[in-house]
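**Student:** Please find the sequence and the predicted model below.
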Amino acid sequence: MSTQYDVVVIGAGLGGLTAAALLARAGRKTLLIERNHSVGGAASTYKVGDLVVEASLHETADPHDPVEPKHHVLKRLGVLDAVQWVPTGAFYEVRGGPVGEPFVLPDNFAAARKALDDRFPDARAGIARVLGDMKQIATSIGVLSRRRDAFRNPREGLGALAQLGPVVRDWRLSLSDVFDRAFGGNEAVKCALAANIGYYHDDPDTLWWIFFALAQGGFLKSGACYIRGGSQRLSEAIAGAMTAAGGEIILRRVVTEVRFDRDGGPAMVVHTAHDGADRMQAEATIVVSNAAPTILAGMMPEAARTALLAAYAARPPSISLFALTLGLSAPPATFGVRAYSTFLLPSWMKRLADFPRSADLFARLPHGESPGLVVVDFSMIDSGLGGPPYPVSVVGFDRVANWQGLDSAAAAEKRKRWLEAIVAAIDRNFPGIAAHVTASTYSTATTIQKYLNSPHGAVYGFAPRPPSGPIWRGIERSPRTPVPRVYLASSYAGSGGFTGAIQAGSAAAACILADG
C-alpha cells in the first residue's frame, strides 16, 4: 500500500464513503481509514446470534425520483440500482397520545391529504396549506440541490426558483411556529403529521421548519423505502465504487494525529491499531473528516484545533436515541401490527411539544410511564432480513447523561428493567407479542456514542435549528472548515439521515474539486 495520497478520508460512514468515492472517480488518489471492522457507520447491518440487527434508520425517501436529492449522487456513483429499494407501503401508523385511535399516514401527498382531511375535517384549511408548502419546498429544493446541473433544463431550474416562496416567507420559523399558525391548539393533527419527529429532532420548538418540510415532504413526494438486505448493502456498494475507481480502504485503524505543514494545512495522517501499536502514516495535503468536529480537533495541532473548536462551539449536538432489536418467534402481524412503522404515543403525551420528555424518563428506573416509541416490523415488507427470529426494531429518544455515573452492575440492571418496560408497553398495544420474544439486543445512547465515536451520542450531527440570519446568508453548515484543506463530509456538514449524509459527502467532494 502506498503512503502518498491526494486525499485522506477519516471515517467510512455514508458521508465519508460518498466523498471518497466521488474523489476517486475524479482521479484523486484517495485513502479511506475506518476504525470499525466494516464500512457504513450508522448505515450498518449485522447479526447477534441468529438475530439480524439493522443499526441504521429504517427508511429513506426513494432515490429513484429524480427530484430526491440522493438520486443524482447515487447515479453518478453507479450504485442507484446496485441495491434494491423496497417500498414500505404507508408512511406510518400512529396511535395513542393526542391522536387516540390508530391513524395511517400514506406516503404520497394526495393520499396523505385525503387521510388527514377525513380524520381531522375541522383542520382542512391548515392541512392544505401545510402540505402545499411542504410539496413546494421539497420539489424546489430537490431540484436546486443539483446546483448548476439544475439549469441544464432551464424550465425546470427556473420553475424551482419560482416555487421558493414558502422558503423565503418562513425561512427562520420552527415546526411549532408553522403548525401553531395552521392548526392552533389541535394537537391531534400536529402529532399525526409529525409523529416521526424523531427522524429529525425531539423538540418542535427548535426544529427548523424548512428542514422538516424538505425531509418530510421528500417522503410524501418520492415514497418511503428500505434497502433490501439492510443498509449495509448501500454502504458496501459505495465502497465498491470507490475501490473500483482506484481508491483504497483500510479497516480497524484509528487515526490518532493529523500533522500540518508550515502553511498551516495538513501534510500527514497518522493511524494505529486499536491498541496503539503498529503506527503508520499516510501523506496527503487534503483531509476529509466523517468524524464530529470535536473528534477531528483532537487529532490536530493547537492552532488548528482552536480554530476548529471555535467555529462550532455555538452549535448544539443533535438528539441521541436508543435502539432495541427484538427477535420474535412469529411475525408481528400475528399480534395485530398492521404497518411497517408504527408510532406509539404514551397517554401522558398531550401535545406535540411533549416529545422531549420521553428522553427524560430514562434518567431513572421505569416507574409506570412509557416513552414514545417507533416499532418497525421488517417482516411487513420484502426486507430480506429473514426470520424467525423476525427482527423488530424499536427506537426512541435517549441521552448519554441518563447512563452516566453507573457502575457496570447498575447499568446492566437499568438496561434490563427498561428493556422489560419497553416490551411491556409494546405488548399493551399488541397483546401476546412479549411472550414470543426469543432474542434481543439493546443499544442505549451510550452504546451509540461509543460505536459512532459521536459526542453526546448525537445521531444527526448538529441539531437542525432555524438559522439565526436572513435567507441571503444561507444555512450555517458547510463542508468547508476554518482550517485550510480540511473538510467535513458527514451530518455535521449537512443534515442527518441517509440523504443528509450522502449530500454532505457529495458537497465535500465538490468543494475539493472546485478548489483545485
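**Tutor:** Thanks, I have it. Numbering: from 1, shown residues only.
**Student:** got a pLDDT number for residue 30?
**Tutor:** Residue 30 carries a pLDDT value of 98.
**Student:** quick one, what contacts it?
**Tutor:** 5, 6, 7, 8, 9, 20, 23, 24, 242, 246, 247, 248 (C-beta atoms under 8 Å, 6 or more residues apart in numbering). In this view, the C-beta of every residue, glycine as well, is placed from N, C-alpha and C.
**Student:** Okay, and the fourth one sits in which element?
**Tutor:** Per DSSP states H and E: residue 8 is located in strand 7-10.
**Student:** Now that strand: buried residues?
**Tutor:** Neighbour-count burial for strand 7-10 flags 7, 8, 9, 10 (criterion: 16 or more other C-beta atoms under 10 Å).
**Student:** from these, which is closest to residue 492?
**Tutor:** Taking C-beta to C-beta as the measure, residue 492 sits nearest to residue 10 out of these, at 12.4 Å.
**Student:** Hmm, residue 290 and the closest one touching each other?
**Tutor:** Yes - under the criterion of C-beta atoms under 8 Å, residue 10 makes contact with residue 290 at 6.1 Å.
**Student:** got any residues that touch both of those two?
**Tutor:** Jointly contacting residue 10 and residue 290 under the rule C-beta under 8 Å, 6+ apart are residue 16.
**Student:** Direction included, what does the strand holding residue 8 pair against?
**Tutor:** If you go by DSSP bridges, strand 7-10 pairs up with strand 30-33 (parallel), strand 286-289 (parallel).
**Student:** In JSON lines, list the contacts of residue 30 along with distance to residue 52.
**Tutor:** Rendered in JSON lines, the data for these read as follows (distance: C-beta to C-beta, whole Å):
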{"residue": "5", "distance to residue 52": "36"}
{"residue": "6", "distance to residue 52": "38"}
{"residue": "7", "distance to residue 52": "34"}
{"residue": "8", "distance to residue 52": "33"}
{"residue": "9", "distance to residue 52": "28"}
{"residue": "20", "distance to residue 52": "27"}
{"residue": "23", "distance to residue 52": "32"}
{"residue": "24", "distance to residue 52": "31"}
{"residue": "242", "distance to residue 52": "26"}
{"residue": "246", "distance to residue 52": "33"}
{"residue": "247", "distance to residue 52": "29"}
{"residue": "248", "distance to residue 52": "30"}
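**Student:** any chance of those in JSON lines, plus pLDDT and distance to residue 181?
**Tutor:** Listed next are the contacts of residue 30 as JSON lines, based on pLDDT from 0 to 100; distance: C-beta to C-beta, whole Å:
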{"residue": "5", "pLDDT": "98", "distance to residue 181": "52"}
{"residue": "6", "pLDDT": "98", "distance to residue 181": "50"}
{"residue": "7", "pLDDT": "98", "distance to residue 181": "46"}
{"residue": "8", "pLDDT": "98", "distance to residue 181": "48"}
{"residue": "9", "pLDDT": "98", "distance to residue 181": "43"}
{"residue": "20", "pLDDT": "98", "distance to residue 181": "43"}
{"residue": "23", "pLDDT": "98", "distance to residue 181": "44"}
{"residue": "24", "pLDDT": "98", "distance to residue 181": "47"}
{"residue": "242", "pLDDT": "98", "distance to residue 181": "46"}
{"residue": "246", "pLDDT": "97", "distance to residue 181": "53"}
{"residue": "247", "pLDDT": "98", "distance to residue 181": "48"}
{"residue": "248", "pLDDT": "97", "distance to residue 181": "52"}
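**Student:** Tell me where the stretch 1-150 of the chain has helices.
**Tutor:** Along the stretch 1-150 of the chain, the stretches classed as helices by DSSP state H, counting those that start in this stretch are 14-25, 70-77, 109-119, 124-144.
**Student:** Run through the stretch 101-250 of the chain and note the low-pLDDT ranges.
**Tutor:** 144, 146-158, 160 (pLDDT under 70).
**Student:** Show me the strands in it, by range?
**Tutor:** Assigned by DSSP state E, counting those that start in this stretch, the stretch 101-250 of the chain shows strands spanning 224-227, 248-250.
**Student:** Neighbouring strands of the last one in the sheet, and parallel or not?
**Tutor:** Taking DSSP bridges as the criterion, strand 248-250 forms sheet pairs with strand 30-33 (parallel).
**Student:** same check, this time on the longest one
**Tutor:** Listed by DSSP bridges, the sheet partners of strand 224-227 and their directions read strand 60-61 (antiparallel), strand 85-87 (antiparallel).
**Student:** Now find how far off-centre the first one is within its chain.
**Tutor:** The reference is to strand 60-61. Centre-to-centre, strand 60-61 and its host chain are 10 Å apart (C-alpha atoms, centre = their mean, to the nearest Å).
**Student:** now the last one
**Tutor:** When C-alpha coordinates are averaged (C-alpha atoms, centre = their mean), strand 85-87 and its chain have centres 18 Å apart.
**Student:** Touching that strand from outside, list them.
**Tutor:** By C-beta under 8 Å, 6+ apart, the residues outside strand 85-87 that reach it are 62-64, 107, 223-228, 381-384.
**Student:** please redo it, this time with the cut-off set to 6 Å
**Tutor:** 62, 223, 225, 226, 228, 381, 382 (C-beta atoms under 6 Å, 6 or more residues apart in numbering).
**Student:** thinking again about what came up before, of all the strands paired with strand 224-227, which gets the most neighbours per residue?
**Tutor:** Of those, the one with the most neighbours on average (mean count of other C-beta atoms under 10 Å) is strand 60-61, at a mean of 28.
**Student:** just the contacts of strand 85-87 now: which is nearest residue 485?
**Tutor:** The nearest one, if we look at these relative to residue 485 and count by C-beta to C-beta, is residue 62, at 36.1 Å.
**Student:** any idea how far the closest one lies from residue 71?
**Tutor:** Per C-beta to C-beta, to the nearest Å, residue 62 is found 9 Å from residue 71.
**Student:** Also residue 342?
**Tutor:** 28 Å.
**Student:** what does residue 187 give?
**Tutor:** Taken as C-beta to C-beta, the span from residue 187 to residue 71 is 35 Å.
**Student:** circling back: of the contacts of strand 85-87, which count as buried by neighbour count?
**Tutor:** Here, 16+ other C-beta under 10 Å leaves 62, 223, 225, 226, 381 buried among these.
**Student:** picking up where we left off before, any chance of the helices of the stretch 1-150 of the chain in a markdown table, with distance to residue 476 too?
**Tutor:** As requested, those are exported to a markdown table (distance: least, C-beta to C-beta, whole Å):
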| stretch | distance to residue 476 |
| --- | --- |
| helix 14-25 | 18 |
| helix 70-77 | 22 |
| helix 109-119 | 29 |
| helix 124-144 | 16 |
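**Student:** burial of the nearest residue to residue 366 once chain neighbours are set aside, as a residue count?
**Tutor:** Spatial nearest neighbour of residue 366, excluding adjacent residues (C-beta to C-beta, 6 or more residues apart in numbering): residue 421 at 3.7 Å. Residue 421: 18 surrounding residues under other C-beta atoms under 10 Å.
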